[in-house]
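Novice: A structural model of the following input is requested.
(one chain, ligands or ions: 1)
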Amino acid sequence: MANPHDPKVHESVSASAAANGVVPSGDARVGKTGRARPFTLPGCSAIITGASSGLGAEFARQLRLSASTLVLAARSGDALEKLKAELGNGQLQVHVVACDLSTEAGRAALWEKVSTLPTPPNLLINNAGLGDYGQFMEASEARIRSQIDLNITALTMLLHEFVARTQATEERPSAIINISSLASTTPVPELAVYAATKSYVSSLTEGLAIELESRHIRLLAVCPGPTPTNFGKNARREAGKDTDRSGQDLLTVPPQRVVSSALHSLEVGHRRMFPGKRVALAAFLFEKMPRWMLRGILTARYRRAMAK
Ligand SMILES: NC(=O)c1ccc[n+]([C@@H]2O[C@H](COP(=O)([O-])OP(=O)(O)OC[C@H]3O[C@@H](n4cnc5c(N)ncnc54)[C@H](OP(=O)(O)O)[C@@H]3O)[C@@H](O)[C@H]2O)c1
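Specialist: As a prediction, the model looks like this:
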């Protein structure tokens, strides 16, 4: 396996700025009292939400050698137990919590488990999330609600509770990785609610990164493009069609690279990152092009998809 945190696999808008001698605007290392200490992974104790598959399971695999404790949460208890068995080694403590994080009861079950640990975790990976491909007016209320409940409400409430519990100090900062998306940088017809929830995630992360710096808590928004996981299968409605995938091949990055570059970004103090050069370029274009031009491209793409 490649070194999970090898800087060579790290690509982000901020990294290219740094390579050009520019300090990224989201660089947590520069505080008003001088250089704030960046988060370091060795010995960390992490909560990973949505750890039963995809990116969440990959975070657990890549943290296996550096973490002391992992708390894995998702609804599928069997998949979590399987992952726990795969990770098993003498040093690493792995705890599994099968719970629905979109409910208050599910989140309470997670914190109940966390309360049994000798010290509160110092890393939260807020990864659980889901999407819904298709027309907004044909979406069931349940599918709309589940995206808001998980991608927004659960992520926010978990973050709030984590900050209240974690014992961050200047010498040993804590950290939060929020999994956002490339979709946070542009409206997406037929994935509109999901894209809006991810805009929320990125905005929340960057706002709180400033607010929580004095509490010694580092925040990072990770914004992947298309990544082969169970996401697409789960986002597809029963008898519904797949999303428009034109152009996506160019942007696809494997989960291993998304996670290794995210962990590297956390350790160097970035606040928002896009895994993969092409994903970073797409984000740059979505954010910098005039709004009228973006609307025109999105409209043409939407009409083409409708005509198929
Ligand atoms: N894959 C992509 O193309 C892509 C691109 C950009 C961003 N992302 C983001 O990446 C994150 C991870 O997704 P993924 O790609 O790894 O997809 P995935 O393989 O479908 O994983 C989603 C995880 O979330 C968990 N989950 C879903 N509903 C839950 C609930 N109510 N309570 C607790 N856990 C729940 C799932 O486990 P259970 O079903 O067992 O609960 C699973 O472990 C998401 O936030 C997603 O929005 C993905």
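Novice: please, which helix or strand holds the closest residue to residue 240 other than its chain neighbours?
Specialist: Excluding the flanking residues, the one nearest residue 240 by Cβ to Cβ, 6 or more residues apart in numbering is residue 134, at 5.0 Å. Every residue, glycine included, has its C-beta placed from N, CA and C. Counting by DSSP states H and E, there is no helix or strand that carries residue 134.
Novice: likewise residue 55?
Specialist: helix 54-63.
Novice: same thing with residue 296?
Specialist: helix 291-307.
Novice: would you map the helices across this protein?
Specialist: Assigned by DSSP state H, the chain shows helices spanning 13-19, 54-63, 77-87, 104-115, 141-147, 155-165, 192-211, 231-235, 255-268, 277-288, 291-307.
Novice: dump those into TSV; add mean pLDDT and mean neighbour count as well.
Specialist: Formatted as TSV, those follow (pLDDT from 0 to 100; neighbours: other Cβ atoms under 10 Å):
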stretch	mean pLDDT	mean neighbour count
helix 13-19	39	17
helix 54-63	98	24
helix 77-87	97	16
helix 104-115	98	15
helix 141-147	97	14
helix 155-165	98	17
helix 192-211	98	19
helix 231-235	95	15
helix 255-268	98	24
helix 277-288	98	17
helix 291-307	95	12
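Novice: right, and those - which one's nearest residue 222?
Specialist: helix 255-268 (4.4 Å; Cβ to Cβ).
Novice: the closest one close to the ligand?
Specialist: No: residues of helix 255-268 are not located near the ligand by Cβ under 6 Å from any ligand atom, the shortest gap being 6.8 Å.
Novice: now do that helix: distance to the chain's middle.
Specialist: In terms of Cα atoms, centre = their mean, to the nearest Å, the centre of helix 255-268 is set 11 Å apart from its chain centre.
Novice: could you say what helices and strands that helix packs with?
Specialist: With contacts taken as 3 or more Cβ pairs under 8 Å, 6 or more residues apart in numbering; DSSP states H and E, helix 255-268 sits against helix 54-63, strand 174-179, strand 217-222, strand 272-273.
Novice: now those as a markdown table including distance to the ligand?
Specialist: What follows is the helices and strands packed on helix 255-268, written out as a markdown table (distance: least, Cβ to the nearest ligand atom, whole Å):
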| stretch | distance to the ligand |
| --- | --- |
| helix 54-63 | 2 |
| strand 174-179 | 4 |
| strand 217-222 | 8 |
| strand 272-273 | 12 |
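Novice: now render these as TSV, adding distance to residue 286.
Specialist: TSV is the format used below for the helices and strands packed on helix 255-268 (distance: least, Cβ to Cβ, whole Å):
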stretch	distance to residue 286
helix 54-63	21
strand 174-179	18
strand 217-222	15
strand 272-273	13
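Novice: sorry, back to before: then the helix holding residue 296 to PDB, C-alphas only?
Specialist: Once non-C-alpha atoms are left out, helix 291-307 reads as follows in PDB (Å, rounded to 0.1, in the frame of the first residue of the first chain):
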ATOM      1  CA  ARG A 291     -22.800  33.400 -12.900                       C
ATOM      2  CA  TRP A 292     -24.600  33.900 -16.200                       C
ATOM      3  CA  MET A 293     -22.100  31.700 -17.900                       C
ATOM      4  CA  LEU A 294     -22.400  28.900 -15.300                       C
ATOM      5  CA  ARG A 295     -26.200  29.100 -15.500                       C
ATOM      6  CA  GLY A 296     -26.000  28.800 -19.300                       C
ATOM      7  CA  ILE A 297     -23.700  25.700 -19.100                       C
ATOM      8  CA  LEU A 298     -25.900  24.100 -16.400                       C
ATOM      9  CA  THR A 299     -29.100  24.800 -18.400                       C
ATOM     10  CA  ALA A 300     -27.700  23.300 -21.600                       C
ATOM     11  CA  ARG A 301     -26.500  20.200 -19.800                       C
ATOM     12  CA  TYR A 302     -29.900  19.800 -18.100                       C
ATOM     13  CA  ARG A 303     -31.800  20.200 -21.400                       C
ATOM     14  CA  ARG A 304     -29.500  17.600 -23.100                       C
ATOM     15  CA  ALA A 305     -30.100  15.200 -20.200                       C
ATOM     16  CA  MET A 306     -33.900  15.700 -20.500                       C
ATOM     17  CA  ALA A 307     -33.900  15.100 -24.200                       C
END
